[in-house]
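Chemist: Sequence plus predicted model, see below.
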Amino acid sequence: MTTDELASLTRKPDRGGDRALLDEVLDEARVGVLSTVTDNGMPWSVPMLAARDGDRLLIHGSSGAGALRHVAAGAPVTFTAFLIDGLVVAQTLFDHSINYRSAVVRGALEAVGPDDASRALDVFSDAILPGRSAEVRAHTRKELSATVILALPILDGCWLTKARTGGPGDGGADGWTGHIPMRTIYDDPVTATPGAVPDSVTRLTNRSSRGDAEEQ
């Protein structure tokens, strides 16, 4: 495929989105699938946490091989994130669907240098649990040396987004049709060690509780 073909939707192009949708999906999904082709020509994929840091996507893993053993700096990769927003109920099973948002970023991974490693891990942690990095001690040299941090630049022409919203497209038949919205919520935290629940955890769970109340 050509570069233009890789950057274009071939089916239902009207569902394509802009950079704002890309950022939204990457920020909300927090997890996706990193894929490449190994030196022996075999496809390789692994689900991973990821965090957007402006115009780059951060991933990390153990320096002792682990999940990143096939994707050293410079490796061509794709990262795919996907969110299910609802079930679409139609008159026929053929027309049933889901509402979703998806994003694909492709490019070559870059190593995050030692001068930026600590900040990058803070950004990563705060993307998963906002504010947590300010509540704990700084990373140690041992922890940093045990961690591989890679960045995937988000470049124009190297990403795609797609989304479906609303109800089914079929109409005119008798019987109920519509869509069932879905979302992720955080439940009450479960204590492992005694002590006050951190503010970062309280804010996150309270945000989910407010969402429940607003929908009632």
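Modeler: That came in fine, so what should we check first? Source: prediction; values computed, not measured.
Chemist: Going by secondary structure, the residue of the chain positioned farthest from its centre is in what exactly?
Modeler: Outermost residue of the chain with respect to the C-alpha centroid, by Cα atoms, centre = their mean, is D174; its distance is 39.0 Å. For D174, there is no helix or strand it lies in under DSSP states H and E.
Chemist: ditto for L160
Modeler: For L160, the element it lies in under DSSP H and E is strand 159-164.
Chemist: Show the subsequent helix or strand relative to that strand.
Modeler: Past strand 159-164, the next helix or strand by DSSP H and E is strand 178-181.
Chemist: what stretches of this protein score poorly on pLDDT?
Modeler: Applying pLDDT under 70 to the chain flags residues 1-16, 65-67, 170-173, 209-216.
Chemist: one more time with 50
Modeler: Across the chain, the stretches falling below the confidence threshold (pLDDT under 50) are 1-2, 213-216.
Chemist: And the helices in it?
Modeler: Under the criterion DSSP state H, helices of the chain are mapped to 3-6, 19-29, 114-128, 141-145, 199-215.
Chemist: Quick one: closest of those helices to K162.
Modeler: Relative to K162, the nearest member of the helices of the chain by Cβ to Cβ is helix 19-29, separated by 8.6 Å. For the C-beta atoms, the positions are set from N, CA and C on the backbone; glycine is no exception.
Chemist: The closest one - contacts with which helices or strands?
Modeler: Counting contacts by 3 or more Cβ pairs under 8 Å, 6 or more residues apart in numbering; DSSP states H and E, helix 19-29 is packed against strand 51-52, strand 76-89, strand 97-108, strand 159-164.
Chemist: Which neighbours in the sheet does the third one have, and how are they oriented?
Modeler: Same thing as strand 97-108. Using DSSP bridges, the neighbouring strands of strand 97-108 in the sheet come out as strand 76-89 (antiparallel), strand 159-164 (antiparallel).
Chemist: for the helices of the chain, which one sits closest to T161?
Modeler: With distances scored as Cβ to Cβ, the stretch of the helices of the chain nearest to T161 is helix 19-29 (4.5 Å).
Chemist: Buried residues of the closest one, list them for me.
Modeler: 21-26, 29 (16 or more other Cβ atoms under 10 Å).
Chemist: what do you get for stretch 197-213?
Modeler: For stretch 197-213, by 16+ other Cβ under 10 Å, it's 198, 200-201, 204-205.
Chemist: Could you check how far the closest residue to E28 other than its chain neighbours is from L22?
Modeler: By the measure of Cβ to Cβ, 6 or more residues apart in numbering, the closest residue to E28 outside its immediate chain neighbours is L83, 6.1 Å from it. Taken as Cβ to Cβ, to the nearest Å, the spacing of L83 relative to L22 amounts to 12 Å.
Chemist: Equivalent analysis for I154, please.
Modeler: The gap separating I154 from L22 is 7 Å, by Cβ to Cβ.
Chemist: Identify the contacts common to the two.
Modeler: In the contact map built from Cβ atoms under 8 Å, 6 or more residues apart in numbering, the residues linked to both I154 and L22 are V105.
Chemist: how about the strands paired with strand 97-108, which one is nearest F124?
Modeler: Closest approach to F124 among the strands paired with strand 97-108 is made by strand 76-89 (14.1 Å; Cβ to Cβ).
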